[in-house]
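In: Everything below, folded, please.
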Amino acid sequence: MISKYAKIGKNVEIGNYIVIEDGVEIGDGTVIKNYVELRKNTIIGKNCYIDSRVSTSGECKIGDNVTLRYDTIIARGCEIGDNTYVCPRVMTNNLDSGKESIGGAKIGKNCFIGTNSVLHHGITIGDNSVTGSMAFVNKNIPFNEIWLGSPAKFFKKK
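Out: Numbers count the residues shown, from 1 in each chain. From the prediction side, this is the model:
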């Protein structure tokens, strides 16, 4: 189902079994694979690759040249900077333990988020940073740093 109120750019490739809700914007040259859900007011930049089974819960901003790999969940209010690569099965959230909306993670430009990472609500990952696979990120990560583990801890400068 693609809403008639969605804005879809030029040369966008859209797969099968898709949900694209009202207010969604998809930039030119973006590829959307099968079984993707883009909830209300999600904005996706130009030349992105959105793999199968990616879901957004709405109100997300995804920059240009971003890759979101298989089975990733992008929570309401998340922002992802240009040229960022998000590996498969990354999960973000936007609620605290009292079910209060804090806002999703803010991921900078040129970042790499490892497979099965979990990004806590309200955190910021600085430009050019990396999280290792299976990291649980519950603190802000400064720019140009690599963080590993659960909970994620500083490993080294890039």
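In: And the contacts of stretch 45-52?
Out: Here stretch 45-52 makes contact (CB atoms under 8 Å, 6 or more residues apart in numbering) with 9, 15, 27-36, 38, 44, 62-72, 82, 88. Any C-beta I mention is one placed from the backbone N, CA and C, and that applies to glycine too.
In: Quick check: end-to-end length of it?
Out: Across stretch 45-52, the terminal residues are separated by 18 Å (CA to CA, to the nearest Å).
In: Could you give me the buried positions within that stretch?
Out: Residues of stretch 45-52 classed as buried by neighbour count (16 or more other CB atoms under 10 Å): 45-52.
In: which of these sit farthest apart?
Out: For the buried residues of stretch 45-52, the maximum inter-member distance is 20.5 Å, found between 46 and 52 (CB to CB).
In: So in terms of bridging, what pairs with the closest residue to residue 132 other than its chain neighbours?
Out: With CB to CB, 6 or more residues apart in numbering as the criterion, residue 132 has its nearest non-adjacent residue at 3.7 Å, and that residue is residue 148. Beta-bridge pairing of residue 148 under DSSP bridges involves residue 153.
In: if I look at residue 148, how far off is residue 117?
Out: 10 Å (CB to CB, to the nearest Å).
In: between those two, what contacts are shared?
Out: Contacts common to residue 148 and residue 117, judged by CB under 8 Å, 6+ apart, are 131-132, 135.
In: Tell me which helix or strand the nearest residue to residue 22 once chain neighbours are set aside sits in.
Out: Spatial nearest neighbour of residue 22, excluding adjacent residues (CB to CB, 6+ apart): residue 5 at 4.2 Å. Counting by DSSP states H and E, no helix or strand carries residue 5.
In: does residue 5 really touch residue 23, like I thought?
Out: Yes. Counting by CB atoms under 8 Å, residue 5 touches residue 23, with 6.4 Å between them.
In: more neighbours, the two?
Out: Taking other CB atoms under 10 Å, residue 5 and residue 23 do not tie; residue 23 has more neighbours (17 against 11).
In: Nice, that's everything, thank you.
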